[in-house]
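Trainee: predicted model, plus sequence, below.
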Amino acid sequence: MEVQVKQANKITDMKARMSDIYLAVSWREIARTYFDKSVPWFQHKMYGIDGNGGKGGFTEDEAGQLKGALLDLSDRIRRAAESIPAPATV
């Protein structure tokens, strides 16, 4: 009996997809807070490589986790912005 291992599709261009916010986000904090992983692990995912320099990237589940992290962060930023009182009108 032959067993086939299904290779998961990986998103290898995440850094390009995040180009608009890449420099504005602390990816170190994303890696630690939302993934409980090391910065090198996360950077390898962002660059689409594995730890050995081969093809890597985000699995579908990891991409969903990143999406959730960014949505949570955007909610936190919005709440912080809304806590700033409006300027007094004259």
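Mentor: In hand now; what should we look at?

Trainee: any low-confidence regions in the chain?
Mentor: Residues of the chain that meet the criterion pLDDT under 70 lie in 1-8, 90.

Trainee: biggest helix in it, by residue count?
Mentor: helix 60-82 (DSSP state H).

Trainee: helices or strands up against it?
Mentor: helix 27-30 (3 or more C-beta pairs under 8 Å, 6 or more residues apart in numbering; DSSP states H and E). (Each C-beta comes from the backbone N, C-alpha and C, glycine too.)

Trainee: just give the nearest non-adjacent residue to the residue nearest the centre of the chain, would you?
Mentor: With distances taken as C-alpha atoms, centre = their mean, the chain has residue 66 as the residue nearest its mean C-alpha position (3.9 Å). Spatially, and ignoring its direct neighbours in sequence, residue 66 is nearest to residue 58 (6.5 Å; C-beta to C-beta, 6 or more residues apart in numbering).

Trainee: number of residues surrounding the one you found?
Mentor: Using other C-beta atoms under 10 Å, the number of residues around residue 58 comes to 23.

Trainee: again with the one 3 residues further on
Mentor: The number of residues packed near residue 61 is 9, by other C-beta under 10 Å.
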